[in-house]
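Enquirer: sequence first, predicted coordinates after that:
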Amino acid sequence: MSVILFAFVVRVRDGLPLSASTDFEHNRELQQRKQQIKTISKALSHFPNRGTIKGQELNIYFVSSEGVSYMTVCHCSLPVAKAFCFLEDLRWEFTACFKSAVVALAARPYPFLEFDSTIQKLKQQYNHSGGPALEVTLAEVQEDLRIHPPQVINLDEVEFTNGTANGHMEQNPGASQNQRLEPVTAPGILSLVLNIMCASLNVIRGVHLIEYTFQDDYEGIWNVVAFLLAFACCVFQCHLYLFHSSLKKLKCFTLLSVIVLCNLHLHGLRNVWQLLFHISVATFSTVLTLTRKLQDRTSDCGV
């Protein structure tokens, strides 16, 4: 059984992939780890020079040096020292083949694909012989890991740091729009239709009240505000369901709370069943928005 499954070389400053091993395994967890490697590579400047991300059966290890990061996906049965020994061997081979100036000037992805043959040789050496040829090298790595253990990074930290690197905690509007959500479901379509219906009822009643409010009853201005505010919240609920947004949970509960308060204020103008209908639609929309997740994208960082 292969213990080193994938290797990836990337430029630290911008996450540009420089070279990667060719693999023919289609293990589902391996594909997930390769996608995570791509995510990590975009935020390497925020991480230490050596790190570990643990999975169920496959772990990710990386070492960064002189502006280049060397990353690998290994089976959990492989000792950590051997994984980092492999990365050190990979680093030495890469620096011997390519000068730092050439790496810095690279402008397109995978400019050093010919290095794949070297990666494959190293993988075979570790997978078949069980480790490096020189035991002293392994001993040195073990001692270095004992003195300077690699940082264990969790996936939540990776996602947060990657978001920070691409626009701080609040993503750029264009960036959030590019992230695809799961397909709209039949309950989602129903929610949108009901929300549009509620928004229409609110704006019609609000506009209708404006004429009478300014003619006869200026105190009714708050009813107009409640109708129009509920209309705006219904529209924003539709937007939140259709498009990815940062701080989604906070926005969802804020909109739901405002709709509930507006309808309670309109108790004299609506009967109990109408109030329950509007509040139920808002709650239904909130639940569907919170449960609609980002769509999993297939990994494309392999070669």
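Expert: It's in.

Enquirer: can you name every helix or strand that whatever helix or strand residue 263 lives in contacts?
Expert: Element membership of residue 263 [criterion: DSSP states H and E] is helix 248-265. Counting contacts by 3 or more C-beta pairs under 8 Å, 6 or more residues apart in numbering; DSSP states H and E, helix 248-265 is packed against helix 221-242, helix 272-291. No exception for glycine: its C-beta is placed from N, CA and C like everyone else's.

Enquirer: mind checking the longest helix of this structure?
Expert: As assigned by DSSP state H, the longest helix anywhere in the chain is helix 186-215.

Enquirer: and the angle from that one to helix 272-291?
Expert: Going by axes from the mean of the first three to the mean of the last three C-alpha atoms, to 10 degrees, helix 186-215 is angled at 130 degrees with respect to helix 272-291.

Enquirer: and helix 186-215, how far from the chain's centre?
Expert: 35 Å (C-alpha atoms, centre = their mean, to the nearest Å).

Enquirer: returning to that earlier point: can you add mean neighbour count and distance to residue 113 and give the helices and strands packed on helix 248-265 back as TSV?
Expert: TSV is the format used below for the helices and strands packed on helix 248-265 (neighbours: other C-beta atoms under 10 Å; distance: least, C-beta to C-beta, whole Å):
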stretch	mean neighbour count	distance to residue 113
helix 221-242	19	40
helix 272-291	17	42
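
Enquirer: which of the ones you listed sits closest to residue 22?
Expert: Nearest to residue 22 among these is helix 272-291 (38.6 Å), distances taken as C-beta to C-beta.

Enquirer: need the residues that contact that closest one.
Expert: Residues from elsewhere that reach helix 272-291, judged by C-beta atoms under 8 Å, 6 or more residues apart in numbering: 185, 187-188, 191, 194-195, 197-198, 201, 230, 233-234, 237-238, 240-241, 248-249, 252-253, 255-256, 259-260, 263-264, 266-267, 270.

Enquirer: make it 7 Å
Expert: For helix 272-291, contacts defined as C-beta atoms under 7 Å, 6 or more residues apart in numbering pick out 187-188, 191, 194-195, 198, 237, 240-241, 248-249, 252, 256, 259-260, 263, 267.

Enquirer: pLDDT at residue 41, what is it?
Expert: Note for residue 41: predicted pLDDT of 86.

Enquirer: start at 432 instead
Expert: Got it, the first residue is 432 from now on, which makes the last one we talked about residue 472.

Enquirer: correct me, but it touches residue 441?
Expert: Yes. Counting by C-beta atoms under 7 Å, residue 472 touches residue 441, with 4.4 Å between them.

Enquirer: neighbour count winner among the two?
Expert: residue 441 (26 against 22; other C-beta atoms under 10 Å).

Enquirer: what's downstream of the helix or strand hosting residue 500, the next helix or strand?
Expert: Using DSSP H and E, the element containing residue 500 is strand 499-506. Using DSSP H and E, the helix or strand that follows strand 499-506 towards the C-terminus is helix 511-528.

Enquirer: so that following helix versus strand 499-506, what angle?
Expert: With the same axes, to 10 degrees as the basis, helix 511-528 and strand 499-506 are set at 140 degrees to each other.
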